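Engineer: Next comes the sequence, and after it the predicted model I'd like to discuss.
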Amino acid sequence: MSEDYQTEFTMAHDKNRNPRSIIREEMEAEPSSYSSLVLNKVWFVRLLKEARAQRSIASLRDKIRKIKNEISSSGARGKLLAAASNGNSVSLRRDVLASELDQILEARTMERARYYLTRLERGINKIKTSAINDINLSRWKEYPQVITDSLWVLPRRDTTGAHLGWYWGNFIPQIPHQLMLRYTKKNDWVLDMFLGSGTSLIEAKRLGRNAIGVELNPVIARKARKLIEQEDNPGHVITKVVTGDSRRIALEKVFNRVGARPVQLLIMHPPYHDIIRFSEDDKDLSNPESRAEFLKMFGEIVDNATPMLERGRYFALVIGDKYSKGEWIPPGFECMSEVLKRDYLLKSIIVKNFEETRAKRDQKQLWRYRALVGGFYIFKHEYIFLFKKK
């Protein structure tokens, strides 16, 4: 260990001195918390440069081992410094950093080891985000909680905080959570045209996104508003519940009242036609007499909401299929076709599993019997159709 390196590390653990290098253990604010390190960026990058400057693979590996050992031993002490050095710190996932350092150690040539070192240094020095989210692509391995596959196996709904599964047909909070992580930045705007119990607005508050939700039923809207108000608002964002017909409501006036700009994410989770009757209101999409009328009403909602969505941003439609009179009916794909008649591109079709619904709860064997008798398969999925506005 170099004298400078030892001095830096000792100072970081001396409470009576002003530390220049800091290692602090913390937990990331994500649903599945991952152990992280907060390092002084200047200090750590200098160590990487020292390793990269070595003339032999053996001495380079020795430098990397010393970095690993010192970080590991400091974590084992159980109490790490929490001060930051002039705010010049970087948070790194402990397991990802360990993996990257191991990759350098396992490199067989100086050229390859230096390549990995340069990549690690670049990832620490440079934050690279896209235009549509806050994911740091220079450290993309640190986001395992963000799903990128088209099959979402989510065994149970999130019931923390204000999330309650009291409303028939509400979607699980993980869906808007994933969509907002992928397709919005902090302080962006989200519009949900079928608010229901308020799930998407609760998630918006948690993630620091502004959001507007439209709900036809005034009783449900009041209950949703109360639940949303119970959720903490650390980002001081705006959440607005609006009662009205999503086909006809003057969204531009609503936006002007709350100071909203065009939204970056549009979400719709409509009724699956008449599979659940949500009200007696003829404006309710669960009440049309025919599939053609259902699709016409759905298209009118898309037409009303589309001008509010910024070009190049995303629209997520969450919907499943239904079974009626011996026939499998796909309102999801029919609604997809309606959207594609408008100014949208289809980007993905995601299949999300569910193990049970309120209607099928405690009736698994009965439904298995019905499936065997009727020659059909039991629904255990729904779709998330993802569109991009042209």
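Structural biologist: Now that the structure is in, tell me what you want to look at. Numbering: from 1, shown residues only.
Engineer: confidence score at residue 381?
Structural biologist: What the model reports for residue 381 is a pLDDT of 88.
Engineer: Could you verify my assumption that it touches residue 332?
Structural biologist: No. In this structure residue 381 lies outside contact range of residue 332 using Cβ atoms under 8 Å: 10.0 Å. C-beta: built from backbone N, CA, C; applies to glycine.
Engineer: Quickly list what's touching both of these two.
Structural biologist: With Cβ atoms under 8 Å, 6 or more residues apart in numbering applied, the overlap between the contact sets of residue 381 and residue 332 consists of residue 320.
Engineer: okay, the two: which has more neighbours?
Structural biologist: The residue with more neighbours, out of residue 381 and residue 332, is residue 332; 22 against 15, by other Cβ atoms under 10 Å.
Engineer: how about that one, what does it touch?
Structural biologist: Contacts were defined as Cβ under 8 Å, 6+ apart; by that measure residue 332 touches 272, 317, 319-321, 382-383, 385.
Engineer: try 10 Å this time
Structural biologist: 270, 272, 317-322, 349, 381-385 (Cβ atoms under 10 Å, 6 or more residues apart in numbering).
Engineer: Could you report the neighbour count for residue 186?
Structural biologist: For residue 186, the neighbour count with other Cβ under 10 Å is 13.
Engineer: Equivalent analysis for the one 3 residues further on, please.
Structural biologist: Residue 189: 25 surrounding residues under other Cβ under 10 Å.
Engineer: Please shift the residue numbers so they start at 31 in all later answers.
Structural biologist: With 31 as the first residue, the last one maps to residue 219.
Engineer: Quick check: longest helix in this protein by residues?
Structural biologist: Looking only at the chain and at elements set by DSSP state H, the helix with the highest residue count is helix 87-106.
Engineer: Which of the residues in that one are classified as buried?
Structural biologist: Burial within helix 87-106, assessed by neighbour count using 16 or more other Cβ atoms under 10 Å, is assigned to 87, 90-91, 93-94, 96-98, 100-101, 104.
Engineer: quick one on the thing from earlier: list only those of the contacts of residue 362 flagged as buried.
Structural biologist: Burial by neighbour count, judged by 16+ other Cβ under 10 Å, picks out 300, 302, 347-352, 412-415 from the contacts of residue 362.
Engineer: Check which element follows the lowest-mean-pLDDT helix or strand in the chain along the chain.
Structural biologist: In the chain, the helix or strand scored least confidently by mean pLDDT, DSSP states H and E is strand 53-57, which has a mean of 31. With elements assigned by DSSP states H and E, the helix or strand that comes after strand 53-57 is strand 65-70.
Engineer: to the chain's geometric centre, what's the distance from that next one?
Structural biologist: Offset of strand 65-70 from its chain centre (Cα atoms, centre = their mean, to the nearest Å): 22 Å.
Engineer: now it: mean pLDDT?
Structural biologist: Strand 65-70 shows an average pLDDT of 80 in the prediction.
Engineer: This protein: helices as residue ranges?
Structural biologist: With DSSP H as the criterion, the chain has helices at 33-42, 71-82, 87-106, 124-136, 140-155, 204-213, 229-237, 248-260, 281-288, 321-335, 361-370, 394-404.
Engineer: And the pLDDT for residue 181?
Structural biologist: 94.
Engineer: From residue 414, how far off is the closest residue in space to it that isn't next to it in sequence?
Structural biologist: In space, and not counting its chain neighbours, residue 181 is closest to residue 381: 5.3 Å by Cβ to Cβ, 6 or more residues apart in numbering. Residue 381 sits 8 Å away from residue 414 when distances are taken as Cβ to Cβ, to the nearest Å.
Engineer: Could you name every residue contacting both of the two?
Structural biologist: 180, 182.
Engineer: need the contact list for residue 401.
Structural biologist: Here residue 401 is in contact with 353, 407-409 (Cβ under 10 Å, 6+ apart).
Engineer: and the gap between it and residue 225?
Structural biologist: 33 Å.
Engineer: in this structure, what spans have low per-residue confidence?
Structural biologist: Segments of the chain classed as low confidence (criterion: pLDDT under 70) are 31-64, 103-117, 187-200, 385-392.
Engineer: Please parse it into its domains.
Structural biologist: The record's domain parsing of the chain by automatic domain parsing lists 33-172, 181-419.
Engineer: just the helices of the chain: most buried one?
Structural biologist: Neighbour counts (mean count of other Cβ atoms under 10 Å) averaged over each of these peak at helix 229-237, with a mean of 28.
Engineer: Quick one: distance of that helix to the chain centre.
Structural biologist: The offset between the C-alpha centroid of helix 229-237 and the centroid of the whole chain comes to 11 Å, using Cα atoms, centre = their mean.
Engineer: for that helix, packing partners?
Structural biologist: With contacts defined as 3 or more Cβ pairs under 10 Å, 6 or more residues apart in numbering; DSSP states H and E, helix 229-237 has these neighbours: helix 204-213, strand 219-222, strand 240-245, helix 248-260, strand 269-273, strand 293-298.
Engineer: Redo these as TSV? Include distance to residue 184.
Structural biologist: Listed next are these as TSV, based on distance: least, Cβ to Cβ, whole Å:
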stretch	distance to residue 184
helix 204-213	5
strand 219-222	19
strand 240-245	21
helix 248-260	21
strand 269-273	24
strand 293-298	17
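Engineer: so residue 354 sits right up against residue 303, yeah?
Structural biologist: Yes. Contact status for residue 354 versus residue 303: in contact at 8.8 Å, counting by Cβ atoms under 10 Å.
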